[in-house]
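Asker: starting from these lines, generate the structure:
(chains A and B)
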Amino acid sequence: TQTVSQSDAHVTVFEGDSVELRCNYSYGGSIYLSWYIQHHGHGLQFLLKYYSGNPVVQGVNGFEAEFSKSDSSFHLRKASVHWSDSAVYFCAVRTSNTNKVVFGTGTRLQVLP
Amino acid sequence: EAAVTQSPRNKVTVTGGNVTLSCRQTNSHNYMYWYRQDTGHGLRLIHYSYGAGNLQIGDVPDGYKATRTTQEDFFLLLELASPSQTSLYFCASSEETLYFGSGTRLTVL
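Answerer: Just a heads-up that it's a prediction; the model follows:
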């Protein structure tokens, strides 16, 4: 079965800073990797995904993520954060044979003014 | 925009009670999922389904049953609710990207 690890439970940065949220996974087969965002009191919303091709994928609101097979990672980045980016971010792994989707424990991003 | 509707939004029951959480999606997605969200655990997969009559076991299935009656409707059943099942429950539908409902907050006293 697949597992997803998000090592940072909380990340605090200032507005305008860059940020990287880390995601590592383990699974031996073919997978889709995704990031989702959850604002307080709401369900999760899709940010971006990777399946194959260019390992750097672009998402909404200036987010991008980079896949590394050697590191089993799919880290999320943003060059300049805004206060509205404050939310919880979840990494997810979907197996292509069973379509089982497993999430990490989430990283709470706090952006200070 | 995909639409996933969960009901009720909030539910309070007592230990040993019988609870059904409902989820309806209007986009004819094949896959539907039930998760619970708890602080420190993120989202944990309870059950999922790839069509009417199908059920796949997730990672935390104990104490939960689920039934997919139609392409649109996926129900989560707690037949003997326990306080440990107090949680925020999310349903999602998907072909590739998951579309989530707004959640059901369940409290078991």
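Asker: what strand or helix carries the residue nearest the centre of chain B?
Answerer: What sits nearest the mean C-alpha location of chain B, by CA atoms, centre = their mean, is B:W34, with 3.4 Å. Taking DSSP states H and E as the definition, B:W34 sits inside strand B:31-38.
Asker: how about the nearest residue to the residue nearest to the centre of chain B, chain neighbours excluded?
Answerer: B:I46 (4.4 Å; CB to CB, 6 or more residues apart in numbering or on different chains). C-beta: built from backbone N, CA, C; applies to glycine.
Asker: can I take it that that neighbour is in a strand?
Answerer: Yes - when classified by DSSP: H, G, I helix; E, B strand; the rest coil, B:I46 is found to be part of a strand.
Asker: I'd assumed B:G63 was in contact with it.
Answerer: No - with contacts defined as CB atoms under 8 Å, B:I46 does not count as touching B:G63, sitting 9.2 Å away.
Asker: more neighbours: which of these two?
Answerer: B:I46 (24 against 14; other CB atoms under 10 Å in any protein chain shown).
Asker: who's in contact with the more buried one?
Answerer: Contacts for B:I46 (CB atoms under 8 Å, 6 or more residues apart in numbering or on different chains) come out as B:34-36, B:58-61, B:64, B:66, B:76.
Asker: could those residues be laid out in JSON lines, adding pLDDT?
Answerer: What follows is those, written out as JSON lines (pLDDT from 0 to 100):
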{"residue": "B:W34", "pLDDT": "98"}
{"residue": "B:Y35", "pLDDT": "98"}
{"residue": "B:R36", "pLDDT": "98"}
{"residue": "B:G58", "pLDDT": "95"}
{"residue": "B:D59", "pLDDT": "95"}
{"residue": "B:V60", "pLDDT": "96"}
{"residue": "B:P61", "pLDDT": "97"}
{"residue": "B:Y64", "pLDDT": "98"}
{"residue": "B:A66", "pLDDT": "97"}
{"residue": "B:L76", "pLDDT": "98"}
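Asker: in strands, which of those residues appear?
Answerer: Mapping these onto strands (DSSP state E) picks out B:34-36, B:66, B:76.
Asker: what subset of the residues you listed is buried?
Answerer: Neighbour-count burial within the ones in strands among the contacts of B:I46 applies to B:34-36, B:66, B:76; the criterion is 16 or more other CB atoms under 10 Å in any protein chain shown.
Asker: out of those, which is nearest to A:T107?
Answerer: Distance to A:T107, by CB to CB, is smallest for B:Y35 among those, at 17.3 Å.
Asker: so the closest one sits against B:R44, correct?
Answerer: Yes - in this structure, B:Y35 is within contact of B:R44 by CB under 8 Å, at 6.2 Å.
Asker: mind listing what the helix or strand hosting A:V11 pairs with, with the direction of each?
Answerer: Assigned by DSSP H and E, A:V11 falls within strand A:10-14. Looking at strand A:10-14 with DSSP bridges, its paired strands and their directions are strand A:107-112 (parallel).
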